[in-house]
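Enquirer: Return atomic coordinates for the entry below.
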Amino acid sequence: MSQYGFYFDMTSCIGCRTCQVSCKDKNDLNVGTIFRQVKAFETGSYPKPGIFHYSGTCNHCENPKCVEGCPTQALHKLENGIVDHDKAKCIGCRYCTWNCPYGVPQFIPELGQISKCNMCKDLIEAGENPVCVDACPMRALEWGDLEELKAKHGDSVQELPFLPAAAVTKPALLIQAKNNAKQNDFKAKEI
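Expert: Numbering: from 1, shown residues only. Just a heads-up that it's a prediction; the model follows:
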């Protein structure tokens with residue numbers, strides 16, 4: 001079984017949120033619902049302050065806690081590793097929102113159920129990239145087979161102080177992190 005995943009180059013990201021907007025547009029999401037979210041962090045202090053950005057979405061984990069917590073199997077893994085959502089099975093219990101350490105599944109009140117990033121599986125099936133990848137003007141996002149991404153970029157940093165421990169879910173995510181994002185004495189604040 002292959003595992004699709006994302007690669008995020010934090011050193012290239014300028015925090016423009018184009019990936020976030022394109023995802024919101026493609027999925028026709030209302031205000032307050034965001035599948036891919038860009039966060040900005042400030043580290044250090046004068047005279048050497050630093051800012052870095054993190055673009056996060058569903059990590060299509062090897063051991064997804066959202067799937068584990070779903071009583072109806074509305075959330076499930078596909079053969080390519082994508083964590084998908086079956087609207088016909090979702091009862092809106094929100095167990096997945098409580099189980100995901102990344103806070104990815106979003107409850108949509110109008111629907112009475114959750115939804116989340118499915119890595120634009122419709123585009124992938126048509127031979128295209130996820131919309132967030134194509135939208136990024138800095139080419140800070142890539143997707144593909146996780147082993148191929150590792151061969152291309154190395155087994156990039158997954159452990160960052162502001163993210164849950166990777167051992168919990170084994171996210172299909174590689175990150176080229178900025179130095180100030182991986183400091184052990186991490187004292188960044190989200191801005």
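Enquirer: Give me the contact list for the helix or strand harbouring residue 84.
Expert: Assigned by DSSP states H and E, residue 84 falls within strand 83-85. Outside strand 83-85, the residues that touch it by Cβ atoms under 8 Å, 6 or more residues apart in numbering are 58, 60-61, 64, 66-67, 74-78, 105, 114-116, 118, 121. Glycine gets a C-beta too; all of them are placed from N, C-alpha and C.
Enquirer: Enumerate every residue touching the spatially most central residue of the chain.
Expert: Closest residue to the average C-alpha location of the chain: residue 57 at 2.1 Å, with Cα atoms, centre = their mean. By Cβ under 8 Å, 6+ apart, residue 57 lies in contact with 6, 23, 35-37, 104, 117, 132.
Enquirer: quick one, what contacts the nearest residue to it once chain neighbours are set aside?
Expert: What sits nearest to residue 57 in space, not counting adjacent residues and going by Cβ to Cβ, 6 or more residues apart in numbering, is residue 36, at 4.0 Å. Contacts for residue 36 were tallied using Cβ under 8 Å, 6+ apart; they are 19-20, 23, 55-57, 117, 132.
Enquirer: Got a quick ChimeraX command for the buried subset of the contacts of strand 83-85?
Expert: Per 16 or more other Cβ atoms under 10 Å, the buried members of the contacts of strand 83-85 correspond to this ChimeraX selection:
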select :58,60,61,64,66,67,74,75,76,77,105,114,115,116,118
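Enquirer: so where do the helices sit in this structure?
Expert: 18-26, 65-69, 95-99, 121-125, 131-135, 146-153, 166-169 (DSSP state H).
Enquirer: Please tabulate the ones you listed in CSV and include mean pLDDT and distance to residue 44 as additional columns.
Expert: Listed next are these as CSV, based on pLDDT from 0 to 100; distance: least, Cβ to Cβ, whole Å:
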stretch, mean pLDDT, distance to residue 44
helix 18-26, 98, 25
helix 65-69, 96, 33
helix 95-99, 97, 34
helix 121-125, 97, 39
helix 131-135, 98, 29
helix 146-153, 95, 26
helix 166-169, 93, 25
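Enquirer: Nearest to residue 179 among those would be which one?
Expert: Of all the helices of the chain, it is helix 146-153 that lies closest to residue 179, at 16.9 Å by Cβ to Cβ.
Enquirer: Which strands or helices does the closest one pack on?
Expert: strand 4-9, strand 173-176 (3 or more Cβ pairs under 8 Å, 6 or more residues apart in numbering; DSSP states H and E).
Enquirer: Most tightly packed of those strands?
Expert: By mean neighbour count, with neighbours taken as mean count of other Cβ atoms under 10 Å, strand 4-9 ranks first of those at a mean of 23.
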